[in-house]
Structures are given as C-alpha cells and as structure tokens.
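Novice: I'll drop the sequence and a predicted model, then ask my questions.
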Amino acid sequence: TYVVTENCIRCKFMDCVEVCPVDCFYEGENMLVIHPDECIDCGVCEPECPAEAIVPDTEAGHEKWLTLNADYAKLWPNITRKGVQPADAEDWNGKPGKEQYLSS
Ligand code: SF4
Ligand code: F3S
C-alpha cells in the first residue's frame, strides 16, 4: 500500500485524489489518508503530490504513518474530487514538526 505522511498536514493539495483509480483516499480537516486495504499499489498518486507526502509502505520509517492512515481511513469520509486547498498550503510545504497540527 501507499501511505500519506506528515508533510500532507496543512498542505492538503488533493491532487492525489484526482488520479486514484480506486478512490481510496479519506479526508480529514487538514490531511488525507489512504485506506491500506483498498489501495492497489498502482503508484500513480506518488508523483502527483506537490508536497511529496505519499510514499510506499516498503520505505523504512513510516510505520507510524501506516497505522495512522489505517485508523483514520475507517473514521473519515471518502474523497474523490479535489477541493479547495488551504490558502496557506504553500507556506506549510516542507515545514518540520507538523504532526502536532493534525486535526482529527
Ligand atoms: Fe490510489 Fe494507486 Fe495511490 Fe493506492 S497507489 S492510493 S491505488 S493512486
Ligand atoms: Fe496531501 Fe499531497 Fe494529497 S499534500 S492531499 S497527499 S496531493
């Protein structure tokens, strides 16, 4: 599966949802997650994210984010179309320590 990681928080560009063939993104207030059981590992979303927040779960060090994706995918609503990104999305791109801002 692919996993949405920390740099999505407060960026939430949503380019990813437009390309996913199985619509497996779920929407929180300031981050999206991927449902690990629905993702077919096609990889097309990875290069579409301007924040480079999407990684394959085979990449080391993202176990915490995989768990977070799995947990919130069960709680948050499905999203299939790009909405309006946060006005300050670009300002947050690449900022460290964004996990504390996750709105659940
Ligand atoms: Fe969707 Fe493919 Fe990305 Fe998985 S890897 S979330 S199936 S676009
Ligand atoms: Fe987040 Fe990147 Fe999608 S910032 S909403 S994973 S395009």
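Specialist: That came in fine, so what should we check first? Ligands and ions are numbered 1, 2, ... in the order given.

Novice: most residues in a single helix of the chain, which one?
Specialist: The longest helix of the chain (DSSP state H) is helix 63-73.

Novice: can you list contacts of that helix?
Specialist: 1, 3-6, 24, 26, 28, 33-36, 38, 57, 104 (Cβ atoms under 8 Å, 6 or more residues apart in numbering). All C-beta spots, glycine's among them, are computed from the backbone N, C-alpha and C.

Novice: Just give me how far the following helix or strand past it sits from the chain centre.
Specialist: Moving toward the C-terminus from helix 63-73, the next helix or strand (DSSP states H and E) is helix 89-92. Offset of helix 89-92 from its chain centre (Cα atoms, centre = their mean, to the nearest Å): 15 Å.

Novice: repeat for stretch 49-61
Specialist: Distance of stretch 49-61 from its chain centroid, counting by Cα atoms, centre = their mean, is 9 Å.

Novice: pLDDT of the longest helix of the chain, averaged?
Specialist: Average pLDDT, helix 63-73: 97.
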